[in-house]
Structure formats: C-alpha cells, structure tokens
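**Student:** generate coordinates for the sequence data below:
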Amino acid sequence: MRTKSIALVSWLSAFLLGSGAAHAACAPGSSIKEWVQGGALCLAAATYGSESAGESPTLIVVLHGDTSGGGPADYHFEFARSVARPGVIAVALLRPGYSDRAGRSSEGQDLGRRDNYTAEYINAAGAAIEALKKEYRAKRVVLVGHSGGSAYTGVLLGSRPGIAGAAILVSCPCNIQRWREQRGGGAWSRSQSPSSFVAKIPVTTCLIAITGAGDDNTPPQLAQDYVAVLSGRGAKANFVSVPGAGHNFNRAMQEAAAAALKEIIGQ
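**Tutor:** As a prediction, the model looks like this:
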C-alpha cells in the first residue's frame, strides 16, 4: 500500500511538471519591486519611485516588445526610470520567458520570440498588474506597451475591463492577422489580437496610440484603425504620428510616450 502511495505521488508530480501546471511562486522573502506574482508565473520587474510614492500613487506599468533579434529585453527599464517621480511609481515588467542583462528571467518561455501573445501569458501579465495595483494602493493605473507589449496592453484593456484607466500603445500591431498579412508572414495561431477585444474596452478609458511615420514593421494604419474604433464608441482615443521615427523605442518615440503620459496624468 505504501509503495502504491509513493508511486501515485511520483506520477502526479511528473504529470504536473510535464503539463506545465506547476510553477513555483516567487521566492519567499523576495520583494515585489523585483519579482511579481502573475497568477501561476513569477515575473521579473524593475521598480522606480516607490520610495517617494506616498499614499494612493499613480502606477505606470511598462511592457517591452518581442526583441526578436535576441538579447536582453530590458530596454524599457530606462523609460520607466525616467517617468517615475513623487506620487508616481513606474514598473518595467519582463514578459514571460524573457530575461534582463542581469540574468533575471520571468517564468514561462519566449516561444522563439514570435507568436507568443498567448492567453496564458497575457493573463499572467494582467495578474501581475493587479498585484502591483493592490500592493501600492494605486489611485490610477496607466499601461505603456511597445510593439508586442502594446499587443499585450490592447488585449488586457478588453479582457480585463478596468485594469487601467489609461494606456499608451507604442508601435502597435493592433490587428495581428492584418499585421502578419502585411509582413508577408504566416498566420500566428497562438496569439491574441487587440482588435478582438477593442469592443470590450470601457469607454471611460483614455488611450493614446503612437507610431513612427517611417515604421515599416507595424505600419501606422494598424493603430489608426484601432483608435478609430475606440473613438467611434465614444472613448477618448487619439493617434500620434512621430515624424522620421521607425519601429524602435528610441529617443523620439520615448519622448512622444513621455509627452502622452504628461497629458494623461498631468505631471
């Protein structure tokens, strides 16, 4: 009987590990400034401004793109650092499966850095944002996403209505099917598209989409059409084109995003 019990436990453990259902929680004693529990996944984070936040701060959460060329996915850390100030906490999250240059990695897989806007991973990011919102007792939340991070953001706004009062979508592939067709690539079967959730976004949400005029990866029309749908429903949604800018989150695009943030939060 004891042998059977041990065998059953061993089989169950193997099943859970093999199915991907078992994930370790963030390590006991770890700080939410660096590790955030997002449902079943522990996500790495870089937090700025928490010391001067005060009570009921504004929370800004920044999500990076696919970094399909490889390497660390922490280019958004500097932007998060630059927008933190008294009363404003900025958190740069690492999407599931991605790492920073210090070697910290969020749980999950990057799936080859393509077709990875899955429901599981987007929900993990959403749960992490909710955890941050609760931890800091944020009075309002603003999401800032670049490229694949903006796809995450667009889906979250509709799949978790009220998760944020405002959002900035930078270089957004807002309609995944059209985006893939325009790039001449194959369809993405695993990824969720912001365009599928736009009708569920509360009309009280303030949204600004920013795309470089010279972006040949996510053409401006993708974000323009997305904004048009929101505006048509009565939401406060605007599109901003950045002259001479391409797809990367370079200085011009960061300055445009910072200006959009100032418009939204008034600081």
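
**Student:** contacting residues for the residue minimising distance to the centre of the chain?
**Tutor:** The centroid of the chain falls nearest to L63 when counting by C-alpha atoms, centre = their mean (3.7 Å). When contacts are counted by C-beta atoms under 8 Å, 6 or more residues apart in numbering, L63 touches 76, 93, 95, 125, 143-146, 148-150, 152-153. Heads up, the C-betas are built off the backbone N, CA and C, glycines and all.

**Student:** now, which of those residues sits nearest G266?
**Tutor:** Closest approach to G266 among the contacts of L63 (C-beta to C-beta): V144, at 16.1 Å.

**Student:** from Q177, how far off is that closest one?
**Tutor:** Note on V144: its distance to Q177, by C-beta to C-beta, to the nearest Å, is 24 Å.

**Student:** give me the more crowded residue out of the two.
**Tutor:** Neighbours per residue (other C-beta atoms under 10 Å) separate V144 from Q177, with V144 holding more: 31 against 14.

**Student:** for that one, name its beta-bridge partners.
**Tutor:** Assessed by DSSP bridges, V144 has beta-bridge partners V62, I168.

**Student:** surely it touches G65?
**Tutor:** No: when contacts are counted by C-beta atoms under 8 Å, V144 is not listed as touching G65 (11.7 Å).

**Student:** and which of the contacts of L63 is nearest T205?
**Tutor:** Using C-beta to C-beta, these come closest to T205 at L143, 10.0 Å.

**Student:** that older thread, quick one: pLDDT of the residue nearest to the centre of the chain?
**Tutor:** Listed pLDDT for L63 reads 99.

**Student:** and what of G185?
**Tutor:** Value for G185, per-residue pLDDT: 84.

**Student:** correct me if wrong, but it is in a strand.
**Tutor:** No: assignment of G185 by DSSP: H, G, I helix; E, B strand; the rest coil gives coil, placing it outside any strand.

**Student:** ok, it - how many residues close by?
**Tutor:** Neighbour count for G185, taken as other C-beta under 10 Å: 11.

**Student:** for P219, same thing?
**Tutor:** Neighbours around P219, by other C-beta under 10 Å: 20.

**Student:** give me the phi and psi angles of the closest residue to it other than its chain neighbours.
**Tutor:** Of all residues not flanking P219 in the chain, Q182 sits nearest, at 6.5 Å (C-beta to C-beta, 6 or more residues apart in numbering). Here is the backbone geometry of Q182 (degrees, to the nearest 10): phi -70, psi -30.

**Student:** does Q182 touch N217 like I think?
**Tutor:** No: with contacts counted by C-beta under 8 Å, Q182 stays clear of N217, the gap being 9.6 Å.

**Student:** outside of stretch 70-85 itself, list whatever touches it.
**Tutor:** Residues contacting stretch 70-85 (C-beta under 8 Å, 6+ apart): 46, 48-49, 52, 60, 62-65, 67, 90-92, 94-95, 98-101, 113, 144, 146, 149, 249, 254, 257-258, 261, 267.

**Student:** mind checking which of these are buried?
**Tutor:** Among the contacts of stretch 70-85, those buried by neighbour count (16 or more other C-beta atoms under 10 Å) are 46, 48-49, 60, 62-65, 67, 90-92, 94-95, 98-100, 113, 144, 146, 149, 249, 254, 257, 261.

**Student:** what about those, which are in helices?
**Tutor:** G149, Q254, A257, L261 (DSSP state H).

**Student:** those residues into CSV, with extra columns for pLDDT and distance to Q192?
**Tutor:** Formatted as CSV, those follow (pLDDT from 0 to 100; distance: C-beta to C-beta, whole Å):
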residue, pLDDT, distance to Q192
G149, 98, 14
Q254, 98, 26
A257, 98, 23
L261, 98, 25
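
**Student:** now the two most distant members of those residues.
**Tutor:** Between any two of these, the greatest separation by C-beta to C-beta is 15.0 Å, found for G149 and L261.

**Student:** may I see the buried residues of stretch 38-55?
**Tutor:** 38-50, 53.
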